[in-house]
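> Structure for this input, please:
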Amino acid sequence: TAPVGGKVEIPALRGYKSLIDGKTVVCFGDSLFGMYRGDDSAPAFVAQETGATVHNVGFGGCRMATHYLDGYKAFSMWALAKAIAEDDWTDQDAQAASGSAYFPEQLELLKSIDFSKVDMAVIHYGTNDFAAASDSYQIDNEADPDDYTTLCGALRYSLDKLLGAYPQLRIFVSLPCYRYWTGD
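Numbers count the residues shown, from 1 in each chain. Okay, the predicted model is just below:
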């Protein structure tokens with residue numbers, strides 16, 4: 001549909017009471033969320049169209065699994081899930097200034113969320129995990145299902161941490177976009 005007043009409208013949804021109207025949703029992700037935090041972002045669109053309160057806590061450049069760079073490592077999904085579940089932000093506080101310029105602000109937003117009142121979480125990581133696949137990175141580790149150095153292990157670890165601490169959460173996993181580098 002054509003943008004109206006800078007916002008996209010879906011005519012079929014006008015006047016429709018959303019199933020998530022009044023709910024609180026937290027969107028975790030890499031640059032597909034983190035680099036787009038304004039009114040034209042996917043989380044903002046969801047809020048606009050559904051009546052939900054949607055928090056975008058994406059951190060661009062990060063992975064579901066462990067990142068090898070400080071400034072990004074503490075913002076991998078597994079590390080955020082651990083910090084949320086244990087209410088310990090030590091690693092994130094120490095690395096926020098080493099990440100992208102907006103990381104400190106995003107971190108403060110994330111720390112301000114009361115997860116006991118969050119209804120849903122969306123997890124959308126993966127493109128950076130796939131880009132790392134060429135540097136001896138593993139997608140999964142059959143010997144250790146919760147190996148957070150792998151994409152699948154980090155997802156399992158994150159789900160266990162979040163649901164263990166906040167069993168009311170409904171978690172939606174947005175399958176990662178496959179990414180492949182061919183030289184330059």
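
> Strands along this structure, start to end?
Residue ranges of the strands in the chain, as given by DSSP state E, are 3-4, 7-8, 24-29, 53-56, 120-124, 170-173.

> In JSON lines, list those strands along with mean neighbour count.
Glycine gets a C-beta too; all of them are placed from N, C-alpha and C. Below are the strands of the chain laid out as JSON lines (neighbours: other CB atoms under 10 Å):
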{"stretch": "strand 3-4", "mean neighbour count": "8"}
{"stretch": "strand 7-8", "mean neighbour count": "12"}
{"stretch": "strand 24-29", "mean neighbour count": "24"}
{"stretch": "strand 53-56", "mean neighbour count": "20"}
{"stretch": "strand 120-124", "mean neighbour count": "21"}
{"stretch": "strand 170-173", "mean neighbour count": "14"}
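
> right, and these - which one's nearest residue 39?
Taking CB to CB, strand 7-8 is the member of the strands of the chain nearest to residue 39, at 7.2 Å.

> sorry, back to before: reformat the strands of the chain into TSV and put mean pLDDT next to each item.
Listed next are the strands of the chain as TSV, based on pLDDT from 0 to 100:
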stretch	mean pLDDT
strand 3-4	46
strand 7-8	54
strand 24-29	94
strand 53-56	93
strand 120-124	94
strand 170-173	95
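
> Report the inter-axis angle for the longest helix seen in the chain versus strand 24-29.
When the chain is parsed with DSSP state H, its longest helix is helix 151-165. Here helix 151-165 points in a direction 160 degrees away from that of strand 24-29 (axes from the mean of the first three to the mean of the last three CA atoms, to 10 degrees).

> what sits up against helix 151-165?
By CB atoms under 8 Å, 6 or more residues apart in numbering, the surrounding residues in contact with helix 151-165 are 63-66, 76-78, 80-82, 84-86, 115, 121, 123, 126, 129-130, 139-141, 144-148, 169, 171, 173, 176.

> Among these, the buried ones, what's the ChimeraX command?
Buried subset of those, written as a ChimeraX selection, criterion 16 or more other CB atoms under 10 Å:
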select :63,64,65,66,76,77,78,80,81,82,84,85,115,121,123,126,129,130,146,147,148,169,171,176
